[in-house]
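> coords below, sequence missing:
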């Protein structure tokens, strides 16, 4: 995290939280905040396929801004999918009811050789256009951050080798065990791709970037250290940071939190299996934490949900903490509960009184 | 574990390992060892539906013995399903391509009230008949253990509330958050059912019983302590043990191993996310460990797989260790690799020489 002694009230709240500054309240946004639980999103999906939504700049701008307009989230995350870079590397990609499908999966060293390391502006210019447009949309609101993102090499490799979502990752694990050299080459190609991709996002206006390793928690510490951590380190150290903080999210991270810290992100995004208190004890004070309300808690009654948010706010505190879920917002989540969560965070104050977000008091 | 100073060479190898005795080699069996990867099993499934296989004693005996006959496993586990007790409690149960389906899931306190606590002999006599028959089949082989089993209350509740397999456990979590009292009542009814069910299995000839909490790893330590651990304790302390050891398996247990120990089983079955070395350090020497080869490792080349088994054998040792997988055998697992794993364990010796299983040398 950057120097915490120089609060910069011009920077968006989220960026200041990433830098470990003490704020009047934590910033709040939700992973997968633009999605099926919103009627406005479903209306757009009735007009566009999922991939069209990702690639049509106007549509993607609209969807990205939906939760910001509805709930005044402290961040807008670009609407996209982690599999856009693998498609740009040369893989066919479709989306069906069952989720993403890659009909020609990677199964051999020669399959890996055929993958290109794409120029992100040339091959995925629509993502950069989206970020450009979103920054323009947010030009009048210096307090709201624009987030870019990418999938981490391990998770992308799982989709590319399995050909889609997987239950047991048999094909990927077989490659890992039988030909670790080839598998490392795939991960390295992905890391190179993601470095270029995230740097282009930063260039295009992303003020924070998040690296998602959704399936990083499915292996032992030993395999994580060999096949996951080095590529987090490669990606994070390869970014032209220019003061842009990096958030690292690994789902199922209870056994690997210390290695998330070794990757040296600014922010460690904690899932709902580990308490913030335990996470802070294990990774130390150098990192901002993000998380970690159970996404299923948003299905509870408001009178049950609100105290859970209050408890988490007390636990997270106002220094180096970003309120979020432990994983993405689930389909069918009641919209009024999303609003309740965000309002509760926005009305929280370390001084137990409402403090303007635009000119926050600094609690000491 | 029982007194380790009195090795009882009349007891099956698995039972002696559960008691923490030092053996010439660890016993070996595999979770879900009777299953789709075996052609002989598929032949039986062509003749019987899944539930028929569970309930037809002759068919269940045959399927239970298939891996024992093919690979000389050190244990026979009765062929059955963890959802047999919920069906006996009054829930409709069917099996489709997608797995188990309970078309009338538990969604309210009155649904819970309607569940009965079944007499296991009256309602699930076919399970007791199966165990009786299997003991007769094994009468000439005092070294091979017969294993009975049950699902743990949490995992059974997940199926009963969700109506089948679930991705996010939204219905169960909603009940847990909104009406913890009702949810505890469901778990208590399940615990009472499972105590009677496992005691009847012990009465019918099971020499070891395993409690499976397949979905026990999906929650935080805090929720585990409130909704999972107490029911492990209730079940385990409620058994008429009569020297019958209890194995506790929780999938995704990396963050809750210490609480598995608090439940006081004889054996802690470790999944493949935690090394045996770490597990032993964290739970202490009082417990036998079972595990924990990655089931996907059985898809690797034999020359890759064999050293993995060798390494695990050295790590596990010959005192208080049972060789097994970290989870069940996967469909499509190459049969020759199952044989390789079992043969490698059976040929292992703490003295680096073959020792008869019938009269094992005791390594000191």
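Cool, got the structure. What you see is a predicted model; the values in this text were computed from it and never measured.
> Might you list the low-confidence residue ranges for the stretch 251-364 of chain A?
Applying pLDDT under 70 to the stretch 251-364 of chain A flags residues A:350-364.
> Would you map the strands across the stretch 101-250 of chain A?
For the stretch 101-250 of chain A, applying DSSP state E, counting those that start in this stretch gives strands covering A:145-151, A:208-213, A:246-250.
> Quick one: closest of those to chain B.
strand A:246-250 (13.0 Å; CB to the nearest CB). Where C-beta positions appear, they are placed from N, C-alpha and C, glycine not excepted.
> after that closest one, next one along is what?
Once strand A:246-250 ends, the next helix or strand along the chain (criterion: DSSP states H and E) is helix A:257-262.
> what about that next one, near chain B?
No - using CB under 8 Å from any CB of the partner chain, helix A:257-262 stays clear of chain B, coming no nearer than 9.9 Å.
> Briefly note if the next helix or strand after that helix comes near chain B.
Later in the chain than helix A:257-262, the nearest helix or strand by DSSP H and E is strand A:267-269. No - with CB under 8 Å from any CB as the criterion, chain B is not reached by strand A:267-269; the gap is at least 15.6 Å.
> rewinding a little: I'd like the strands of the stretch 101-250 of chain A laid out as a markdown table, including mean neighbour count and distance to chain B.
Putting these into a markdown table (neighbours: other CB atoms under 10 Å in any protein chain shown; distance: least, CB to the nearest CB, whole Å) gives the following:
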| stretch | mean neighbour count | distance to chain B |
| --- | --- | --- |
| strand A:145-151 | 24 | 19 |
| strand A:208-213 | 25 | 15 |
| strand A:246-250 | 25 | 13 |
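> May I see the ones you listed arranged in JSON lines, with mean pLDDT as well?
Listed next are those as JSON lines, based on pLDDT from 0 to 100:
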{"stretch": "strand A:145-151", "mean pLDDT": "98"}
{"stretch": "strand A:208-213", "mean pLDDT": "98"}
{"stretch": "strand A:246-250", "mean pLDDT": "98"}
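> how about CSV for these, with distance to residue B:64 added?
What follows is the strands of the stretch 101-250 of chain A, written out as CSV (distance: least, CB to CB, whole Å):
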stretch, distance to residue B:64
strand A:145-151, 43
strand A:208-213, 41
strand A:246-250, 40
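> Tell me the residues of chain A that contact chain B?
Going by CB under 8 Å from any CB, the residues of chain A near chain B are A:168-170, A:173-174, A:177-178, A:218-222, A:252, A:254-255, A:272-275, A:278, A:294-297, A:299-301, A:304-305, A:308, A:330, A:332.
> For chain B, what's the nearest residue on the stretch 1-150 of chain A?
Counting by CB to the nearest CB, the stretch 1-150 of chain A gets nearest chain B through residue A:99, at 10.9 Å.
> Enumerate every residue touching the closest residue to that residue other than its chain neighbours.
Excluding the flanking residues, the one nearest residue A:99 by CB to CB, 6 or more residues apart in numbering or on different chains is residue A:165, at 4.9 Å. By CB atoms under 8 Å, 6 or more residues apart in numbering or on different chains, residue A:165 lies in contact with A:98-100, A:159.
> What about the residues you listed, which one has the most neighbours?
Taking other CB atoms under 10 Å in any protein chain shown as the neighbour criterion, residue A:159 ranks highest of the contacts of residue A:165 with 26 neighbours.
> what's the spacing between that one and chain B?
Separation of residue A:159 from chain B (CB to the nearest CB, to the nearest Å) stands at 17 Å.
> Surely that residue is in contact with residue A:86?
Yes - judged on CB atoms under 8 Å, residue A:159 makes contact with residue A:86 at a distance of 6.8 Å.
> Mind listing the shared neighbours of these two?
residue A:102.
> Could you list the low-pLDDT ranges of the stretch 51-200 of chain A?
Looking at the stretch 51-200 of chain A by pLDDT under 70, you get an empty list.
> residue boundaries of the helices in it?
Applying DSSP state H, counting those that start in this stretch to the stretch 51-200 of chain A gives helices spanning A:57-71, A:84-88, A:109-114, A:120-123, A:125-137, A:153-162, A:170-178, A:180-204.
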